[in-house]
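Enquirer: take this sequence and fold it.
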Amino acid sequence: MKKQVTLIIPTYNMEKYLHTCLGSLVTNDNCMEQIEVLVINDGSKDASSAIAHEYETKYPGTFHVIDKENGNYGSCINRGLKESTGRYVKILDADDHFDTAVLEKYIQSIKDIDTDLILTDNIVFGNNDISKKYYNFRVPSNSRQAFAEHCETLMGCIQMHNVTYKKSIFSTFDYHQTEGISYTDMEWIFAPMAHVRTFTYLPIPLYKYLVGREGQTISSEQIKRSSNHVIKLANSMLTMFTETGDVEPAIYNYLYFRLNRQIKSLYRTFLAEFPGLNLNDLIAFDKRLEKELPQLYSDCGHITMGPFIHIRYVNYWRKHHYAPQPIYFYTIFNSYRKILFWCKRKLHIDHA
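Expert: Here you go, the predicted model:
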């Protein structure tokens, strides 16, 4: 039977979470016959491989383990895409899992779908098991839609957790996710979108995304330690953008928005959040951006500390010949962020 979807699970030292992840994919026989699960063990030093092989032994028609040398997240995605046989392909991180009952609905639904992209909702939960459901997509559901017609609505909402791609779109271009660095899930919701023409939104909360795990790459300390990864990611996405062929204006705007957001995050990391980082790579990137995308270079120069503090700190940094930022930029930025966080909690504002 042709598999409806391949689930790629990048795995590195995830023995604490892997049983939950893989167990969430064990469902009725009819559903499992239509799923291909590729556990890409990225040179784990714990029991991750052994746990994955247990599932492969018990459910050989569904689970397959690929043990390889460590190459970081992107290398797992690249290997998974190469080995996948499903009509669709989706990523599931090993510390996350699916809602099993929703998975059954998902598989039943996609059998009758023929679009380049399928969007589903996700649930965010922490170690305290308090969950929050996200309904990000204010677009028509359960029907085939033109992606370009809804790009403006979708551009700020899509995360890796929401995306399922039709495998055949990867035969139309050479997709290679950057290897050896973290944070390349941003590439997964970037470059392939240039080749999406149609999508279907299924308003079902399939993906359960864990936040607050110790050592998680999105933690502040991990970002600080991996600042060179953030630079490499921005360079990679800039290359992907400049090499994109002709696309509809709405899709171009989607790609520009995602790149704009990523690069502004890069400047905040180096200039406002973590003063003292080596700025040589940032200076080189800034000069490249000015040369290749002057409009985005200008847009990023206008980043301010917030709605009430109008210091354009990137332009200030450029004007002063790339000197290290004054420490008060860091103090103002973090004070503003703490106040904003307190206000969100106080007013119970949910932000996707």
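Enquirer: how about low-confidence regions in this structure?
Expert: 127-131, 133, 135, 213-223, 305-311, 322-352 (pLDDT under 70).
Enquirer: domains of it?
Expert: Listed domain ranges for the chain are 5-210, 220-347 (source: automatic domain parsing).
Enquirer: need the ones you listed in CSV (columns: mean neighbour count).
Expert: Every C-beta, even on glycine, is put in place using the N, C-alpha and C of the backbone. Shown next, in CSV, are these (neighbours: other C-beta atoms under 10 Å):
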stretch, mean neighbour count
domain 5-210, 18
domain 220-347, 16
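Enquirer: quick check: longest strand of this structure.
Expert: If you go by DSSP state E, the chain has its longest strand at strand 198-210.
Enquirer: from the chain's centroid, how far away is it?
Expert: Distance, stretch centre to chain centre, for strand 198-210: 14 Å (C-alpha atoms, centre = their mean, to the nearest Å).
Enquirer: can you give me the helices in the stretch 251-352 of the chain?
Expert: 280-292, 294-301, 313-319, 327-347 (DSSP state H, counting those that start in this stretch).
Enquirer: can you map out the strands along the protein?
Expert: Under the criterion DSSP E, the chain carries strands at the ranges 5-11, 35-42, 63-68, 88-91, 97-98, 117-125, 131-134, 144-146, 163-166, 198-210.
Enquirer: who wins for proximity to Lys291 among those?
Expert: strand 163-166 (31.6 Å; C-beta to C-beta).
Enquirer: pull the residues that contact that closest one.
Expert: 5, 87-91, 110, 114-120, 188-189, 192, 196 (C-beta atoms under 8 Å, 6 or more residues apart in numbering).
Enquirer: starting from it, tell me which strands it pairs with and how they run.
Expert: In the sheet, strand 163-166 lines up against strand 88-91 (antiparallel), strand 117-125 (antiparallel) (DSSP bridges).
Enquirer: Serialize these to CSV and add fields for distance to Gln159.
Expert: Formatted as CSV, the strands paired with strand 163-166 follow (distance: least, C-beta to C-beta, whole Å):
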stretch, distance to Gln159
strand 88-91, 11
strand 117-125, 7
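Enquirer: rewinding a little: Tyr297: which of the strands of the chain is closest?
Expert: strand 163-166 (28.9 Å).
Enquirer: circling back: paired strands for the longest strand of the chain, with orientation please.
Expert: Here strand 198-210 has these sheet partners by DSSP bridges: strand 97-98 (antiparallel), strand 117-125 (parallel), strand 144-146 (antiparallel).
Enquirer: for Gln4, see how far away the nearest residue to Met1 once chain neighbours are set aside is.
Expert: Spatial nearest neighbour of Met1, chain neighbours left out: Glu33 (5.5 Å); criterion: C-beta to C-beta, 6 or more residues apart in numbering. Note on Glu33: its distance to Gln4, by C-beta to C-beta, to the nearest Å, is 9 Å.
Enquirer: now Met32
Expert: To Gln4, Met32 is 11 Å away according to C-beta to C-beta.
Enquirer: try Gly74
Expert: From Gly74 to Gln4 the distance is 25 Å (C-beta to C-beta).
Enquirer: run through the residues that contact the residue nearest to Ile66 when sequence neighbours are not counted.
Expert: Leaving aside its chain neighbours, Ile66 sits nearest to Ile40 (5.1 Å; criterion: C-beta to C-beta, 6+ apart). Residues near Ile40 by C-beta under 8 Å, 6+ apart: 8-11, 66, 68, 76, 79-80.
Enquirer: need the strands of the chain in CSV (columns: distance to Gly180).
Expert: Formatted as CSV, the strands of the chain follow (distance: least, C-beta to C-beta, whole Å):
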stretch, distance to Gly180
strand 5-11, 13
strand 35-42, 11
strand 63-68, 13
strand 88-91, 18
strand 97-98, 27
strand 117-125, 27
strand 131-134, 31
strand 144-146, 36
strand 163-166, 23
strand 198-210, 24
